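> Got a sequence here, can you build the structure:
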Amino acid sequence: MAEILDFNRKPGPAPRPEPLWREALGRKLRETREERGDRLVDVAERAGISVQYLSEIERGRKEPSSEMIAAVAGALGVDLADLLIGIAGQVRNLRSASSFRAGGHFQTSRPTGRPSGPVAMAA
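Predicted structure coming up:
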């Protein structure tokens, strides 16, 4: 069996995966809907989509088309550009938070002279 070694990985906890845009979108849509006091069924009806589909969008399970995003934003009475800018900010904040190591320093990739990427080694 081969062991995978990554010579560029720094010791410490495993890095968190990149935040998914669809998850940030879902959180923002749910947050906006709840702040307005709207029910899932009412927003879905105004957007012209099923309650199940809107629920899956809010849970980050579905990657909606731009038309669907615009329809939900309209149903929530939210400007599409403002919605997208807010989501981009959330993704940036999540990404920045995950790029800190325990010592409070940013992780950067620097040339080390070692092989880059995972390398398979026989065990």
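
> buried stuff in the longest helix along the chain?
Criterion DSSP state H: the longest helix present in the chain is helix 80-98. Neighbour counts using 16 or more other Cβ atoms under 10 Å place 83-84, 86-87, 90-91, 94 of helix 80-98 among the buried residues. In short, each C-beta sits where N, CA and C put it, glycine included.

> got a list of contacts for that helix?
Contact with helix 80-98 is made by 15-16, 18-19, 21, 24-25, 27-29, 32, 69-70, 73-74, as judged by Cβ atoms under 8 Å, 6 or more residues apart in numbering.

> Repeat the analysis, applying 6 Å as the threshold.
Identification of contacts with helix 80-98 by Cβ atoms under 6 Å, 6 or more residues apart in numbering yields 16, 19, 24-25, 28, 70, 73.

> For those residues, work out which two are farthest apart.
R16 and A70 (30.4 Å; Cβ to Cβ).

> Neighbour count: the two, which is higher?
It is A70, of R16 and A70, that has more neighbours when counted by other Cβ atoms under 10 Å, with 14 against 11.

> Give me the subset of the contacts of helix 80-98 that lies in strands.
Among the contacts of helix 80-98, none falls in strands (DSSP state E).

> Of these, which is the most crowded?
L25 (24 neighbours).

> Spatially nearest residue to it, not counting backbone neighbours?
I87 (5.4 Å; Cβ to Cβ, 6 or more residues apart in numbering).

> Alright, that wraps it up for me.
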